[in-house]
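Engineer: I'd like to go over a predicted model; first the sequence, then the structure.
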Amino acid sequence: MTPDELAAELDRVGYLPDAGVTTAAFLALKMHRPLFCEGEPGTGKTSLALALAQALSLPLIRLQCHEGIDASQALYDWDFPRQLLHLRAMEAAGSTLDPDTAEASLYTRRFLLARPLLRALEESPCVLLVDEVDRADDEFEAFLLEVLDSNTVTIPELGEIRALVPPIVILTSNRTREVHDALKRRCLYHWLEHPDLSREVEIIQRRQPGVTEHLATQIATAVGKLRDLDLLKPPGVAESLDWAGALLALGRTELDAETAATTLGAVLKYREDATRALASGVLG
Amino acid sequence: MTVLTGYVGFARALRQAGVGCGPERVQAYVGAVGLVDPGSRDDLYWAGRLTLCGEPDDLPRYDAAFEAWFGGEPPRRARHRKLRATQLAALNGGESQDGRGGRLATAAGDTEVLRHKDIAGLTPAEKAHLRELIATLEPVPPKRRALRARKARSGQLDPRRTLRAMLASGGEPVRPRYRRKGTRPRKVVLLVDVSGSMSPYADALLRFAHVVARAMPTEVCTLGTRLTRVSRQLKHRDAEFALLSATRAVPDYEGGTRLGETIKVFLDRWGQRGVARRAVVVVFSDGWERGDTALLGEQLARLRRLAHAVIWVNPHAGKDGYAPTQSGIIAALPHVDRLLAGHSLDTLRHLLKEINRA
């Protein structure tokens, strides 16, 4: 698949990529390297993974990271209650198996709870999204790196599980913490930015079909001006789409000052930002 | 010169410009170039940017190096944020402030006396001795409760381990297993004012920051007319190398001070996102604010809301007869948890204790 074909596929499922994203996705596919996406909030890091899965018709497996996440939540766990019941059931049925066989029957695949990382290896080819990896801690990063490097998981009781085709891995981060260089070096690094005016208009029209081009242009221009102001949280594409949705729901076709003031909560989420935006006169 | 040498040369030029790209990244770069169309400028640009860069601060350096090496404009002008803290051109010259060449005979200064002496009034020999003493400081990180629970002999019941133990005994009840949440080091943020009025203390404070950065998860930024993040440079094990690269990265030594604006930039770029959340923030400054003091007050209020504790270290605070009268300090004081002195080694040691206790 060439980069242009990949861009066309992404376009088909509703994600409008620019040259950088297309090259990043293309190299991630060809080089079998994970893609590490950082960027301002609302620039489409998570939606890139969703779109890629849809475009390539692969299942999407999502691992949401948080502080304190460990191997039993990310990799696999044994279903102890079920194993206990199985043991009791064998006893009740008066089973005459010798102890070794009985024990071996407890550690089979049916008692293994596969968590996202193991599921990604088993269901490969697939797209694995490791969301907000900066929220996890150093130990988790080290162990994630090991799994990504070797594409295998060794379960002591069962053996080695290896992915036939390595999954396409996308890691996202909000930069609340510096992710270790060892993990970043293993990946392709892409910094996502806010789109320019024409692309944002296209995105709004594609995702909110009821919006006219005139209204979409007004929204995109207003959001662009808001991003240039010194706000605590500059609005991203997600906020533009929310705003368009809000205007559609209210049945407005024109973004004038009054409408903007009433629907500002869809775009700006801090009181200081809202006061500053209204004071600056950007919204008319 | 083969084409491969050209690409490797570009990677080396990038490394000199301050982007940390090691041999693994260079290999990945060469692999990526092999997969895209090398004739297209765009593809070449993106292949390099995806493999050689590792953080957003690297991107403008990459753009400049690409322009210089391959000629012409880079295909995509990344939209830069307003205050560009580090510059490519800052990497020319810039020896560290106290010339290190040559021997410095340690004078007969008593260590005991040196510990209480004001850093601004030291002789070069005493400064060298002070450096050694700073390197022997042992910071202990402040702790907070972790969210991850570890196995313990008492505490909360751990259902998983108890069930697993029951499995071993055939389903019969056993002694219950417990788990407890441990402690983790709390983040520490050091903001060091390196303007003219603080210049006698700047070197010692940066060395102190280096010692702290080696012992606990720390972010260090310098404040002056602009904000420069030097955490990465100070992570290096060798103090001299770390100081040298940090000094090179800061373009505005001994300039003026715009505390309000620089703290605002810090909060917008890093603090708000999570670097300063629940952290212990230490601001080293004498409060000589050239900019707007109302802005300083606002930003300190914002910092206080985000952080766990804010400590202000003022080199003049320890001197007799000091009363905070500068407008900068007055604006900041309501939002500061502790105001400490920071003029001598002993006060720095006291500061370490305060950080630990915060």
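Structural biologist: Arrived safely, thanks for sending.
Engineer: any idea how far residue A:282 lies from chain B?
Structural biologist: 16 Å (C-beta to the nearest C-beta, to the nearest Å). C-beta: built from backbone N, CA, C; applies to glycine.
Engineer: If you drop the residues flanking it in sequence, what lies closest to the residue in the stretch 51-200 of chain A that chain B sits nearest to?
Structural biologist: The stretch 51-200 of chain A approaches chain B most closely through residue A:176 (2.8 Å), counting by C-beta to the nearest C-beta. Nearest residue to residue A:176 in three dimensions, chain neighbours excluded: residue B:274, at 2.8 Å (C-beta to C-beta, 6 or more residues apart in numbering or on different chains).
Engineer: Kindly confirm my reading that that neighbour is in a helix.
Structural biologist: Yes. Counting by DSSP: H, G, I helix; E, B strand; the rest coil, residue B:274 is part of a helix.
Engineer: Does it touch residue A:173 like I think?
Structural biologist: No. With contact defined as C-beta atoms under 8 Å, residue B:274 does not count as touching residue A:173 (10.8 Å).
Engineer: hey, what's in contact with both of those two?
Structural biologist: Counting by C-beta atoms under 8 Å, 6 or more residues apart in numbering or on different chains, the residues touching both residue B:274 and residue A:173 are residue A:134.
Engineer: Can you pick out the residue with more neighbours from the two?
Structural biologist: residue A:173 (22 against 17; other C-beta atoms under 10 Å in any protein chain shown).
Engineer: In contact with the more buried one, which residues?
Structural biologist: A:36-38, A:132-134, A:179.
Engineer: Likewise for residue A:184?
Structural biologist: A:36, B:54 are the contacts of residue A:184 under C-beta under 8 Å, 6+ apart.
Engineer: and the helix or strand it falls within, which residues are buried?
Structural biologist: Here residue A:184 sits within helix A:181-186, counting by DSSP states H and E. Of the residues in helix A:181-186, A:183-186 count as buried by neighbour count, 16 or more other C-beta atoms under 10 Å in any protein chain shown.
Engineer: related to what we said a few turns ago, filter the contacts of residue A:173 by proximity to chain B?
Structural biologist: Among these, the ones lying near chain B by C-beta under 8 Å from any C-beta of the partner chain are A:38, A:134.
Engineer: Keep only those of the contacts of residue A:173 that are in strands.
Structural biologist: A:36-38 (DSSP state E).
Engineer: just checking, residue B:180 is part of a strand?
Structural biologist: Yes. Judged by three-state DSSP, residue B:180 forms part of a strand.
Engineer: My guess is it contacts residue B:157. True?
Structural biologist: No. Look at residue B:180 against residue B:157 with C-beta under 8 Å: they stay out of range, at 10.8 Å.
Engineer: Which residue of the two possesses the greater neighbour count?
Structural biologist: residue B:180 (14 against 10).
Engineer: and the more buried one, what is it in contact with?
Structural biologist: Residue B:180 makes contact with B:149-150, B:152, B:154-156, according to C-beta under 8 Å, 6+ apart.
Engineer: would you turn the buried residues of helix A:181-186 into TSV with distance to residue A:200 and pLDDT?
Structural biologist: What follows is those, written out as TSV (distance: C-beta to C-beta, whole Å; pLDDT from 0 to 100):
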residue	distance to residue A:200	pLDDT
A:183	32	91
A:184	29	90
A:185	33	90
A:186	32	90
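Engineer: got any ranges where the chain has weak pLDDT?
Structural biologist: Assuming you mean chain A. Residues of chain A meeting the criterion pLDDT under 70: A:284.
Engineer: wrong one, I was asking about chain B
Structural biologist: B:1, B:72-111, B:320.
Engineer: Walking through it, point out its strands one by one.
Structural biologist: Under DSSP E, chain B gives strands at B:143-152, B:156-157, B:178-185, B:188-193, B:218-223, B:227-229, B:280-284, B:309-314, B:338-341.
Engineer: Out of those, which is closest to residue A:25?
Structural biologist: strand B:227-229 (30.1 Å; C-beta to C-beta).
Engineer: now residue A:217, what's its secondary structure?
Structural biologist: helix.
Engineer: Kindly confirm whether my reading is correct that it touches residue A:201.
Structural biologist: Yes. Counting by C-beta under 8 Å, residue A:217 touches residue A:201, with 5.4 Å between them.
Engineer: out of the contacts of residue B:180, which touch chain A?
Structural biologist: Near chain A, by the rule C-beta under 8 Å from any C-beta, you find residue B:149 out of the contacts of residue B:180.
Engineer: between the contacts of residue B:180, which is nearest chain A?
Structural biologist: Taking these together and measuring to chain A by C-beta to the nearest C-beta, the closest member is residue B:149, at 7.8 Å.
Engineer: mind checking how far residue A:233 is from residue B:266?
Structural biologist: 16 Å (C-beta to C-beta, to the nearest Å).
Engineer: One more: residue A:157?
Structural biologist: Residue A:157 sits at a distance of 50 Å from residue B:266 (criterion: C-beta to C-beta).
Engineer: who's more crowded, the two?
Structural biologist: residue B:266 (24 against 12).
Engineer: picking that back up, show me the one in the contacts of residue A:173 that has more neighbours than the rest.
Structural biologist: Using other C-beta under 10 Å as the neighbour test, the contacts of residue A:173 are led by residue A:36, with 27 neighbours.
Engineer: Across the sheet, point out what pairs with that one.
Structural biologist: residue A:171, residue A:189 (DSSP bridges).
Engineer: again with residue B:189
Structural biologist: In this entry, residue B:189 is beta-bridged to residue B:219, residue B:281, by DSSP bridges.
Engineer: Tell me who's in contact with the residue of the stretch 151-300 of chain B found nearest chain A.
Structural biologist: Here the stretch 151-300 of chain B gets closest to chain A at one residue, residue B:274, 2.8 Å apart by C-beta to the nearest C-beta. Neighbouring residues of residue B:274 by C-beta under 8 Å, 6+ apart: A:134, A:174-177.
Engineer: Residue A:163 touches residue A:147, doesn't it?
Structural biologist: No. Taking contacts as C-beta under 8 Å, residue A:163 lies outside contact range of residue A:147: 9.8 Å.
Engineer: list residues touching both of these two?
Structural biologist: Contacts common to residue A:163 and residue A:147, judged by C-beta under 8 Å, 6+ apart, are residue A:121.
Engineer: May I have the phi/psi pair for the spatially closest residue to residue B:312 that is not a sequence neighbour?
Structural biologist: Nearest non-adjacent residue to residue B:312, counting by C-beta to C-beta, 6+ apart: residue B:336, 4.5 Å away. Note on residue B:336: its backbone torsions stand at phi -110, psi 140 [degrees, to the nearest 10].
Engineer: now the helices: where do they sit in the chain?
Structural biologist: Unless you meant another one, I'm taking chain A. In chain A, the segments counted as helices under DSSP state H are A:3-12, A:19-31, A:45-55, A:71-74, A:80-92, A:99-106, A:116-122, A:138-150, A:181-186, A:197-207, A:213-228, A:237-250, A:257-262, A:271-280.
Engineer: actually it's chain B I care about, not the one you picked
Structural biologist: Under DSSP H, chain B gives helices at B:3-16, B:23-35, B:41-52, B:58-70, B:111-116, B:124-135, B:159-168, B:199-215, B:231-234, B:239-249, B:259-266, B:293-306, B:327-332, B:345-357.
Engineer: Could you dump those into CSV with distance to residue A:251 added?
Structural biologist: As requested, these are exported to CSV (distance: least, C-beta to C-beta, whole Å):
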stretch, distance to residue A:251
helix B:3-16, 53
helix B:23-35, 49
helix B:41-52, 42
helix B:58-70, 42
helix B:111-116, 74
helix B:124-135, 67
helix B:159-168, 53
helix B:199-215, 57
helix B:231-234, 51
helix B:239-249, 54
helix B:259-266, 40
helix B:293-306, 38
helix B:327-332, 48
helix B:345-357, 57
